[in-house]
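J.: predicted structure and sequence below. I'll ask about it afterward.
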There are 2 protein chains.
Amino acid sequence: MSRSARWEARREAIVDTSAQLFARRGYHATGITELCEANDLGKGALYHYIESKEALLASIHDRVMDEVMLGADRVADAGGSPSEQLAGLGRALLDVIHRYPDHVWVFLHEFPALTGERAEKFRARRGEYERRVEAVLRAGVRSGEFRKLDPWLTARAWLGMHNYTYLWLKPGGRLTARAVARPFAEIFMRGIQGAE
Amino acid sequence: MSRSARWEARREAIVDTSAQLFARRGYHATGITELCEANDLGKGALYHYIESKEALLASIHDRVMDEVMLGADRVADAGGSPSEQLAGLGRALLDVIHRYPDHVWVFLHEFPALTGERAEKFRARRGEYERRVEAVLRAGVRSGEFRKLDPWLTARAWLGMHNYTYLWLKPGGRLTARAVARPFAEIFMRGIQGAE
């Protein structure tokens, strides 16, 4: 491994460990001292990898958004009907929630702690994903596959149903992401299908 | 007002003000000093109304659960078909989320901070509500109104869709609780209806 690849790998590990800590204890209540201890690093060494505590929080958010957008891109590349696309987005989203329970917990709880440009960037990325969901709903309405519906509100129903699984969908749990995605897609798709 | 009614009213006001503070800053990061300042009380006076910071957190949870269970009782008393009951539960739940944004934020984010008996009590009450939703789903499957479905998982889909509105359903916002409850019920009911 090159020096920069080692730095990158260590930084990623710090982001993961810190996500665990923030998820258990809360962002505001977790100090640099605790981050140093959890990562087995001195203060100077920690700052060699992260700019600030808030930069660390932003990296946790980016990790989630990177994975979520990667999934969304794969779904878009695969093509298919709006129903197929929406089902694909659901599978991909639940897969991220299932694989990154701590990151997602921090993502969903601590986003108000991001400030300035970091908050802007987060809002923009989150908005980009939400608009993907809305676009699939709009496409389905246009094609007559979905009934006439409010894309914004319907996207919020879909996002809530899927995002909220972070409370109980855990690695090693009773249910796999796929086992949840299928019945969820069935409920949602029947719920918005075109036939009156 | 009697002395005990005045005490009760002041205590309620302290719970509300503290919910605001916990929602903005996080439970762990909010100290007794900040709670005293926000409530314009000295430390001794604050402890005249609350036993501890955790008792305050438990009271915020109770406020939400009291309202949610009151709504669920009204729906049960009104009777009607499982579809009507589920729609009623949705309206009642969104109404609480809409009226208590800070309490609900704290409720959904800070429940892991409750310990011992308080955590037990919270889990029991939350579980009681969730079982009400599952019971309505089961009744609908039995009557043939809903298709054969997993009541636990379907209840989680329903809870996620409704609970997650806490992020954007706010007093004075663009949408009323009723304006959200109707399309949500339409999606969900079509999604689980019996006709194959």
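T.: Great, that's in hand.

J.: quick one: low-confidence parts of chain A?
T.: Within chain A, the segments meeting pLDDT under 70 span A:195-196.

J.: so what's the residue nearest the centre of it up against?
T.: Centroid-nearest residue in chain A, with CA atoms, centre = their mean: residue A:64, separated by 4.0 Å. Contacts here follow CB atoms under 8 Å, 6 or more residues apart in numbering or on different chains; on that basis residue A:64 touches A:96, A:100, A:103, A:104, A:107. C-betas here are computed from N, CA, C, even on glycine.

J.: what sits closest to it if chain neighbours are left out?
T.: residue A:107 (4.5 Å; CB to CB, 6 or more residues apart in numbering or on different chains).

J.: that neighbour: which element?
T.: Residue A:107 is located in helix A:101-110, with elements delineated by DSSP states H and E.

J.: which elements pack onto that helix?
T.: If you count contacts as 3 or more CB pairs under 8 Å, 6 or more residues apart in numbering or on different chains; DSSP states H and E, helix A:101-110 packs onto helix A:3-25, helix A:53-78.

J.: try it again at 10 Å.
T.: When contacts are defined as 3 or more CB pairs under 10 Å, 6 or more residues apart in numbering or on different chains; DSSP states H and E, helix A:101-110 packs onto helix A:3-25, helix A:53-78, helix A:82-99, helix A:151-163, helix B:101-110.

J.: pull out the CA atoms of the first one and give them to me as CSV.
T.: So the one you mean is helix A:3-25. These are the backbone C-alpha positions of helix A:3-25, laid out as CSV (Å, rounded to 0.1, in the frame of the first residue of the first chain):
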residue,chain,number,x,y,z
ARG,A,3,1.6,6.1,1.9
SER,A,4,-1.6,7.9,0.7
ALA,A,5,-3.5,4.7,0.4
ARG,A,6,-2.6,3.8,4.0
TRP,A,7,-3.6,7.3,5.1
GLU,A,8,-6.9,6.9,3.3
ALA,A,9,-7.6,3.4,4.8
ARG,A,10,-6.7,4.7,8.3
ARG,A,11,-9.0,7.7,7.8
GLU,A,12,-11.9,5.4,6.7
ALA,A,13,-11.4,3.3,9.8
ILE,A,14,-11.5,6.4,12.0
VAL,A,15,-14.7,7.5,10.3
ASP,A,16,-16.3,4.1,11.0
THR,A,17,-15.1,3.9,14.7
SER,A,18,-16.3,7.5,15.3
ALA,A,19,-19.7,6.7,13.7
GLN,A,20,-20.1,4.0,16.3
LEU,A,21,-19.2,6.4,19.1
PHE,A,22,-21.5,9.2,17.9
ALA,A,23,-24.4,6.7,17.4
ARG,A,24,-24.1,5.5,21.0
ARG,A,25,-23.4,8.7,22.8
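
J.: any buried residues in it, and which?
T.: By 16 or more other CB atoms under 10 Å in any protein chain shown, the buried positions in helix A:3-25 come out as A:14, A:15, A:16, A:17, A:18, A:19, A:21, A:22, A:23, A:25.

J.: now do the longest one
T.: By 16+ other CB under 10 Å, the buried positions in helix A:53-78 come out as A:53-54, A:56-65, A:67-69, A:71-72, A:75.

J.: what do you get for the third one?
T.: If you call a residue buried by 16+ other CB under 10 Å, then helix A:82-99 has these buried ones: A:82-98.

J.: what's the angle from the top helix by length along chain A to helix A:101-110?
T.: In chain A, with assignment by DSSP state H, the single longest helix is helix A:116-143. Interaxial angle, helix A:116-143 versus helix A:101-110 (axes from the mean of the first three to the mean of the last three CA atoms, to 10 degrees): 100 degrees.

J.: any residue of helix A:116-143 touching chain B?
T.: No. Using CB under 10 Å from any CB of the partner chain, helix A:116-143 stays clear of chain B, coming no nearer than 10.6 Å.

J.: without its sequence neighbours, what residue ends up closest to residue A:148?
T.: Nearest non-adjacent residue to residue A:148, counting by CB to CB, 6+ apart: residue A:141, 6.1 Å away.

J.: tell me how many other residues surround the one you found.
T.: Counted with other CB atoms under 10 Å in any protein chain shown, residues neighbouring residue A:141 total 19.

J.: surely it and residue A:149 touch.
T.: Yes. Taking CB atoms under 10 Å as the contact criterion, residue A:141 and residue A:149 are neighbours in contact, 6.4 Å apart.

J.: what touches both of the two?
T.: Shared between the contact lists of residue A:141 and residue A:149 (criterion: CB atoms under 10 Å, 6 or more residues apart in numbering or on different chains) are residues A:192, A:194.

J.: distance between stretch A:79-95 and the chain's centre?
T.: Here stretch A:79-95 shows a centroid-to-chain-centroid distance of 15 Å under the convention CA atoms, centre = their mean, to the nearest Å.

J.: do stretch A:153-160 as well
T.: A distance of 15 Å separates the centroid of the chain from that of stretch A:153-160, by CA atoms, centre = their mean.

J.: now swap in stretch A:184-196 and tell me
T.: The gap between the average C-alpha position of stretch A:184-196 and the chain average comes to 24 Å, counting by CA atoms, centre = their mean.

J.: could you do stretch A:36-47 as well?
T.: Between the centre of stretch A:36-47 and the centre of its host chain there is 27 Å, according to CA atoms, centre = their mean.

J.: using PDB, write out every CA atom in that stretch.
T.: What follows is stretch A:36-47, C-alpha atoms only, in PDB (Å, rounded to 0.1, in the frame of the first residue of the first chain):
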ATOM      1  CA  CYS A  36      -8.800   9.800  20.400                       C
ATOM      2  CA  GLU A  37      -9.300   7.000  22.900                       C
ATOM      3  CA  ALA A  38     -11.700   5.100  20.700                       C
ATOM      4  CA  ASN A  39      -9.300   5.400  17.700                       C
ATOM      5  CA  ASP A  40      -6.200   4.800  19.800                       C
ATOM      6  CA  LEU A  41      -4.600   8.000  18.600                       C
ATOM      7  CA  GLY A  42      -3.200  11.100  20.200                       C
ATOM      8  CA  LYS A  43      -4.800  14.400  19.500                       C
ATOM      9  CA  GLY A  44      -2.100  15.500  17.000                       C
ATOM     10  CA  ALA A  45      -2.300  12.100  15.200                       C
ATOM     11  CA  LEU A  46      -6.100  12.300  15.100                       C
ATOM     12  CA  TYR A  47      -5.900  15.800  13.500                       C
END
